[in-house]
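Asker: here is my input, please return the structure:
(2 chains)
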Amino acid sequence: MKEIELYEPRIVAFFCHWCSYGAADLAGVSRMEYPASFRAVRIPCTGRMSPKFILHALRQGADGIWVSGCHPGDCHYGTGNYHSRRRLELLKNMLDYIGIEEGRIHFSWISSAEAEKFQQMAIRVVEAVRGLGPNTRLVKSVCSNCIPPVPTCDTMHECYEPLEEIPGAPRPNGSCCGGNGL
Amino acid sequence: MMKTRTEAIRAAARTLLEEGRVDAVIGYVQGTIPLRAQPFVAYTPEECDRFIWSSFCGGNLASIASGRTDRVAVVAQGCVSRNLNGLVHENRIQRENLYIIGVPCIGMLDQRKVEAKLFGRNIEFLKRDPEEDLGEIVVGGCNAMGECYEEVIKRRDVKRDNCYTCMHRNPVGADTVVVEPVSETAGGDINAVATPWMRFDADRRWEEFAKNFEDCIRCYACRDVCPLCYCTTCFVDESNPQWCGKTQDSADVQTFHILRAFHCAGRCTDCGACESACPQGIKMRRLTSMLEKDVRTLWGHEPGMDSTTKPPLSTYRPDDPEDHFK
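Answerer: Numbering: from 1, shown residues only, chains lettered A, B, ... in the order given. The predicted structure follows:
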């Protein structure tokens, strides 16, 4: 009997350097858990976003796209996100019109202090794309696996070598910080 | 050939060149085959006698005026005059170097639709080309056996798709208008037909989209005829990074058409030159008319109505709609 595998989507996320990338950092240092199914690409500003980037990601086999930047009015460069807002609204309407499912493309405004919103949004994006399954539209035929799949594992040991096998690594039961869940 | 318009265009062009007000006049001459008109640049008053105006001037002369630094006059119907306004705004041509010979337009015809009505019979001549919107054209020809025919076709049955829903048939901002203005709209409702796939679900929309563009041979005629496409290096020619592959792979073809349409968003005047130029009869207006409808509803912009308003994607308002942002 074959178990039904949980599908891990491949999502390309474009984060503005000044806001959402910082929010991802804050979420990380705050030890918030969020799915690891997206590859973060740092862009200087959402105003840098070109429709080419989104189409290119889809062509390379991405199942979903997530673009996130500063709230309107808070752009580091003044007006970058105002311009990108018009462009992305139009692009999403267009991709929707030609049959790219609505849940594959996500946009959000997340400031660098909103780690919790980042976490919620990450879960939301990944679950929406997971629900849609692999993307087959606009994918270039020679490029079905250009973006390698996300490693899936229940515990760290399935994915990574145990620490004790790496020379020089601290031993789990060593003198410093071992053993008791510290 | 439309007699009144043709003669008025010739007279206006000749006067401009004789008085030395322009260096060249851009207009149409009869193409090498019937039901086609080809662009022509006249530099002397004598050459102006070759100009014609017919129901098949389906190109866009603004793309020939674009980038010129001499003083040119352009024969322009509603859509082309709006493209010229856009090009003036985009600094592709200086307004003081441009003279717009406006021609009120009664809609261009689609030679493919005419051919379809003739069931493969050879078209050798266009006998009658009336200057009424609801007139009838007469085409005819002979086969190798010497059997000849003439067929009367109603103009309204064979108009180009975009000409049914034209919103501005009279030139906008023309320096001179050669004949009496016609009714401003063609009668069709562009908003009702701009998004024909919208009523389907996503899977069906994708099917329709893929089917629409599957015959594309990537000849780039739509790009070359378009007055909006003047980049020195087009994104399809960029090789590193390569945004759009050069193959016939459906993903490459679709990427080309998506990006081509998107680059025209907020600037397209729905002149229909792309569809007229396409050797495969692909309906790329399916994408551009959808984008223009969005531009109208989201930001209330109509391209080319003057030469000062910024295209909607190069400006913003703080209170723009943001339905897709969370």
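
Asker: ok, how many other residues are close to residue B:118?
Answerer: 15 (other Cβ atoms under 10 Å in any protein chain shown). Where C-beta positions appear, they are placed from N, C-alpha and C, glycine not excepted.

Asker: equivalent analysis for the one 10 residues further on, please.
Answerer: For residue B:128, the neighbour count with other Cβ under 10 Å is 15.

Asker: so it touches residue B:150, yeah?
Answerer: No: counting by Cβ atoms under 8 Å, residue B:128 does not reach residue B:150; the two are 9.4 Å apart.

Asker: shared neighbours, these two?
Answerer: Common contact partners of residue B:128 and residue B:150 (Cβ atoms under 8 Å, 6 or more residues apart in numbering or on different chains): residue B:138.

Asker: report how many residues lie close to residue B:248.
Answerer: Neighbours of residue B:248 (other Cβ under 10 Å): 11.

Asker: in this model residue B:214 seems to touch it, though I could be wrong.
Answerer: No: contact criterion Cβ under 8 Å: residue B:248 and residue B:214 do not qualify, at 9.8 Å.

Asker: quick one: common contacting residues for the two?
Answerer: With the criterion set as Cβ under 8 Å, 6+ apart, the contacts of residue B:248 and residue B:214 do not overlap.

Asker: just how off-centre is stretch B:300-318 within its chain?
Answerer: Taking Cα atoms, centre = their mean, to the nearest Å, one finds the center of stretch B:300-318 at 20 Å from the center of the full chain.

Asker: from residue B:197, how far out is whichever residue of chain A sits closest to chain B?
Answerer: Of all residues in chain A, residue A:99 sits closest to chain B, at 2.8 Å by Cβ to the nearest Cβ. Here residue A:99 is placed at a distance of 8 Å from residue B:197 (Cβ to Cβ, to the nearest Å).

Asker: and the pLDDT at the residue of chain A closest to chain B?
Answerer: For residue A:99, the pLDDT comes out at 94.

Asker: that one - nearest residue in space that isn't next to it in sequence?
Answerer: In this structure, residue A:99 finds its nearest non-sequential neighbour in residue B:206, 2.8 Å apart by Cβ to Cβ, 6 or more residues apart in numbering or on different chains.

Asker: tally of neighbours for the one you found?
Answerer: 20.

Asker: same question for residue A:136.
Answerer: 10.

Asker: next one: phi and psi at it?
Answerer: When read as degrees, to the nearest 10, the backbone of residue A:136 gives phi -120, psi -10.

Asker: residue A:62 contacts residue A:147, correct?
Answerer: Yes: with contact defined as Cβ under 8 Å, residue A:62 and residue A:147 form a contacting pair (6.0 Å).

Asker: higher neighbour count, these two?
Answerer: Set residue A:62 next to residue A:147 and count neighbours by other Cβ under 10 Å: residue A:62 wins out with 25 against 16.

Asker: who's in contact with that one?
Answerer: Contacts of residue A:62 (Cβ under 8 Å, 6+ apart): A:10-12, A:135, A:147.

Asker: among the residues you listed, name the ones in helices.
Answerer: If you go by DSSP state H, the contacts of residue A:62 have nothing in helices.

Asker: inside strands: which ones of these?
Answerer: A:11-12 (DSSP state E).

Asker: make sure the residue nearest to residue A:99 is indeed in a strand.
Answerer: No: counting by DSSP: H, G, I helix; E, B strand; the rest coil, residue B:206 is not part of a strand but helix.

Asker: these two touch, right, it and residue A:95?
Answerer: No: contact criterion Cβ under 8 Å: residue B:206 and residue A:95 do not qualify, at 10.3 Å.

Asker: tell me which residue is most central in chain A.
Answerer: residue A:38 (2.8 Å; Cα atoms, centre = their mean).

Asker: for that one, which residues make a bridge with it?
Answerer: Under the criterion DSSP bridges, residue A:38 forms beta bridges with residue A:11.

Asker: and stretch B:267-282, how far from the chain's centre?
Answerer: On the basis of Cα atoms, centre = their mean, stretch B:267-282 sits 6 Å off its chain's mean C-alpha point.

Asker: give the rounded mean pLDDT of it.
Answerer: Mean pLDDT, stretch B:267-282: 94.

Asker: now do the helices in chain A.
Answerer: A:20-29, A:51-59, A:80-97, A:115-132, A:156-159.

Asker: rewinding a little: and for residue A:99 and residue B:197, which residues touch both?
Answerer: Common neighbours of residue A:99 and residue B:197 (Cβ under 8 Å, 6+ apart) are B:204-205, B:208-209.

Asker: which of those count as buried?
Answerer: Among the shared contacts of residue A:99 and residue B:197, the ones that count as buried by 16 or more other Cβ atoms under 10 Å in any protein chain shown are B:205, B:208-209.

Asker: for the chain, what are the low-confidence residue spans?
Answerer: No chain was given, so I picked chain A. A:1-6, A:144, A:150-182 (pLDDT under 70).

Asker: can you look at chain B instead?
Answerer: Checking chain B against pLDDT under 70 turns up nothing.

Asker: domain map for it?
Answerer: With domains defined by automatic domain parsing, chain B comprises B:3-102, B:111-157, B:186-314.

Asker: the longest one spans what distance, first to last residue?
Answerer: As for domain B:186-314, its first-to-last residue distance stands at 30 Å under the measure Cα to Cα, to the nearest Å.

Asker: still on that earlier bit, which of the contacts of residue A:62 are buried, as a PyMOL select command?
Answerer: Remark: buried members of the contacts of residue A:62, expressed as a PyMOL selection using 16+ other Cβ under 10 Å:
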select buried, chain A and resi 10+11+12+135+147
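
Asker: residue B:164: which of the contacts of residue A:62 is nearest?
Answerer: Closest approach to residue B:164 among the contacts of residue A:62 (Cβ to Cβ): residue A:135, at 36.3 Å.

Asker: quick one, what contacts the residue nearest to residue A:66 when sequence neighbours are not counted?
Answerer: Excluding the flanking residues, the one nearest residue A:66 by Cβ to Cβ, 6+ apart is residue A:13, at 4.2 Å. Listed by Cβ under 8 Å, 6+ apart, the contact partners of residue A:13 are A:38-41, A:65-68, A:125.

Asker: mind putting these into JSON lines with distance to residue B:289?
Answerer: Conversion of these to JSON lines gives the following (distance: Cβ to Cβ, whole Å):
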{"residue": "A:38", "distance to residue B:289": "34"}
{"residue": "A:39", "distance to residue B:289": "35"}
{"residue": "A:40", "distance to residue B:289": "36"}
{"residue": "A:41", "distance to residue B:289": "33"}
{"residue": "A:65", "distance to residue B:289": "25"}
{"residue": "A:66", "distance to residue B:289": "29"}
{"residue": "A:67", "distance to residue B:289": "26"}
{"residue": "A:68", "distance to residue B:289": "31"}
{"residue": "A:125", "distance to residue B:289": "31"}
